[in-house]
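S.K.: Have a look at this prediction, sequence included:
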Amino acid sequence: MMKKKLFVLSVDSLFFNDVEWLKDCPNLYGIYKRGSVVQKMKSTYPAMTYVAHSTMMTGCHQEKHGIYHNEKVEVGVAHPAWHWYRRELGTDTIFDAAKAGGYTCSVINWPVTGGDPSIDYLVPEIWSDDPKGDSRPRFLTVCSPGMEKLFDKYGHMLRWKYQPELDDFGVACLKEILRDHQPDVVMLHLSYLDHARHNFGGFAPEAKHALMECDRKIGELMEILREQGTLDQTNFCVMGDHGHLPVKQVFNPNILLVREGLIQLDEAGMVKDYKCYIHSAGLSAHVVLKDPEDQETRAKVEALLKTWVENEAYGCEQILNKDQMAEHHLAGPFDYVIEGRLGTSFGNNCKGELICPTDNSDYKLSVSAHGHLPEKGPQPIFFAAGPDIREGVVIERGELIDEAPTYAAILGVEMPWAQGKAMREILKQDS
């Protein structure tokens, strides 16, 4: 089998609505114009980065890969741990398939890849718990051998998890990896666009600036491939992962649970004990029952949730039970999901104001957010170009679950565990 070249670029929260902006992005628009496009890709529920990227690399739905949120449900914890590690996935990935096929892979800032043994040159997305803390100790436990040198060389560029510094760091590492190792498969995740949308609004000028910065970075990486003579041999795939919707208010339902005696706080206002707790997923929220067999508490919670939907001021659109969650392929350590109305996100606060203004200190509470049902609002785009990609194919709708099987088809490797299927309409027949 002749080896193929594949470069996958995930531009966090890139929409089909952004095509006009792409016209001012010569590198990305060049790929868009000369290849194939799927205009609207159905994301995951919740429409969140780590859930989506797990689907994008496994070809499997949430209930199979096991990632239900960026963060873990940790009751009463101000900053819950994130799903950093490859071992948390419940199934194999495109990287396992590529390695079995004899390909070398470099993966940069891609969620849920920490410590992945199938990735040769891995710089995973990870940071310290403390904004002023040192990310190096955690990074050293999850990068691939030799990558600690890149952290030491470029770590000064980082400013915790903030953007564009995290993207700058990742791209600096990838430039060196491309020059020194020439991996066959590259997968890069850039988050600056999403960061700008959270802070300034979905279609703010700052968001367009962030997209143009992503384009500048991809141009620098393409130049290295051009110098190496591999640019024309490389298949490029570019995609978004989820949408965004504007937020006007933040509803803190745990405050009502405290009033109902379902959460007990200590003298410092921290959760001491609970029967029910609600964990924000941005524009939706996960309802956790400490004892799912406690029918009295379950009935009380269900009655409360019903009244919250009826009170439009709270911004709760609908309640999903386990069976309804399963229809959206969602499973996790919670019993219900609250889907918000347009304009409302959810907070974790157990005291203070019940309904608050937006707060850019947390991505779930900012002026634009996500975590909603995937059919709402702007939809992610997918476009690709290269020697194995057909030109001029336009497809109206697709699904994130089909992306990894498409990469496998390009590379000529197998993903028997995948629930999605290769988008063969965009591939040349010999792929």
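M.R.: That came in fine, so what should we check first?
S.K.: Next one: residue 362 relative to residue 347, how far apart?
M.R.: Remark: distance between residue 362 and residue 347 (CB to CB, to the nearest Å) = 8 Å. Every residue, glycine included, has its C-beta placed from N, CA and C.
S.K.: Apologies, that question was intended for residue 144.
M.R.: Residue 144 sits 37 Å away from residue 347 when distances are taken as CB to CB.
S.K.: Likewise for residue 312?
M.R.: Note on residue 312: its distance to residue 347, by CB to CB, is 18 Å.
S.K.: hmm, back to that, same drill for residue 144 and residue 347, tell me which one is more crowded.
M.R.: Neighbour tally, residue 144 and residue 347, criterion other CB atoms under 10 Å: the higher count belongs to residue 347, 24 against 21.
S.K.: For the residue nearest to residue 191 when sequence neighbours are not counted, report the pLDDT, please.
M.R.: Spatially, and ignoring its direct neighbours in sequence, residue 191 is nearest to residue 12 (4.5 Å; CB to CB, 6 or more residues apart in numbering). Looking at residue 12, its pLDDT is 97.
S.K.: what sits up against the host helix or strand of residue 173?
M.R.: Here residue 173 sits within helix 165-181, counting by DSSP states H and E. For helix 165-181, contacts defined as CB atoms under 8 Å, 6 or more residues apart in numbering pick out 104, 106, 108-109, 120-121, 123, 125, 127, 147, 150-151, 153-155, 157-159, 183, 186, 188-192, 213-214, 217, 220-221, 224-225, 228.
S.K.: In helices, which of those residues appear?
M.R.: Using DSSP state H, the members of those that fall within helices are 150-151, 153-154, 192, 213-214, 217, 220-221, 224-225, 228.
S.K.: now for the residues you listed, which pair is the farthest apart?
M.R.: For the ones in helices among the contacts of helix 165-181, the maximum inter-member distance is 26.0 Å, found between 192 and 228 (CB to CB).
S.K.: For the stretch 1-150 of the chain, which segments are assigned as strands?
M.R.: Applying DSSP state E, counting those that start in this stretch to the stretch 1-150 of the chain gives strands spanning 5-11, 36-42, 105-108, 121-123.
S.K.: How far away from the center of its chain is the first one?
M.R.: Centre-to-centre, strand 5-11 and its host chain are 15 Å apart (CA atoms, centre = their mean, to the nearest Å).
S.K.: Within its sheet, name the partner strands of it and how each one runs.
M.R.: Using DSSP bridges, strand 5-11 pairs in its sheet with strand 185-190 (parallel), strand 234-239 (parallel).
S.K.: still on that earlier bit, between residue 192 and residue 228, which one's more packed in?
M.R.: Shown here are residue 192 and residue 228; by other CB under 10 Å, residue 192 has more neighbours (26 against 13).
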